[in-house]
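Student: Predicted coordinates and the sequence they were generated for:
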Amino acid sequence: MLLAFGALMVVLGLLSGGVLTASALGATALEPGWTAGLAYPGLTLLGYGLFVIPANDGPIQWLTRASGALCLLLGMVAIAVLVLRSLGILAFDGGTLTLWWIFGCSLLLGPMGWLGARVPASTSR
């Protein structure tokens, strides 16, 4: 049951981060509130704790690496948009605080998911 709850937390955290990023870019009509801003790092961390720590099998740890990679991807999109906007190449209405938040959280969450999932070595003899 803990694995299912942890997986749900990771999915909801990543969904919140994706919607925040898309909303900051004006790519969606959704308007996420402050709860989504807290849910991205909070639920993702909670999910990592419940999903990865009790699991010792390879498939679950690979899923955790995939979620870490998705966090890094969100961070890369956020910083790319911030740099392109500062250079005047990309223009959109709205502030940049959400993108900085996504970037900062992704710097923590991505490596935690990617490097925190230790895939056990094969025990073939």
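Tutor: Now that the structure is in, tell me what you want to look at.

Student: Report how many residues lie close to Leu50.
Tutor: Residues lying near Leu50 (other C-beta atoms under 10 Å) number 20. Just so you know, the C-beta spots here come from the backbone N, C-alpha and C atoms, and that holds for glycine as well.

Student: Same check on Leu87?
Tutor: 8.

Student: Against Ser106, how distant is it?
Tutor: Remark: distance between Leu87 and Ser106 (C-beta to C-beta, to the nearest Å) = 21 Å.

Student: now do Asp93
Tutor: 23 Å.

Student: In terms of neighbours, single out the busier of those two.
Tutor: Ser106 (26 against 5).

Student: Please verify my assumption that the more buried one contacts Ala69.
Tutor: No: if you go by C-beta atoms under 8 Å, Ser106 and Ala69 don't touch, sitting 10.7 Å apart.

Student: buried stuff in the lengthiest helix in the chain?
Tutor: The longest helix of the chain (DSSP state H) is helix 58-86. For helix 58-86, the neighbour count (16 or more other C-beta atoms under 10 Å) marks 60-61, 63-65, 67-68, 70-75, 77-79, 81-82 as buried.

Student: Stretch 5-17 too?
Tutor: Buried residues in stretch 5-17 (16+ other C-beta under 10 Å): 6-7, 9-10, 12-14, 16-17.

Student: just those now: which is nearest Gly37?
Tutor: Ser16 (7.7 Å; C-beta to C-beta).

Student: Mind giving me the packing neighbours of the helix or strand the closest one falls within?
Tutor: Assessed by DSSP states H and E, Ser16 sits inside helix 2-25. Helix 2-25 is packed against helix 34-51, helix 58-86, helix 97-116, with contacts defined by 3 or more C-beta pairs under 8 Å, 6 or more residues apart in numbering; DSSP states H and E.
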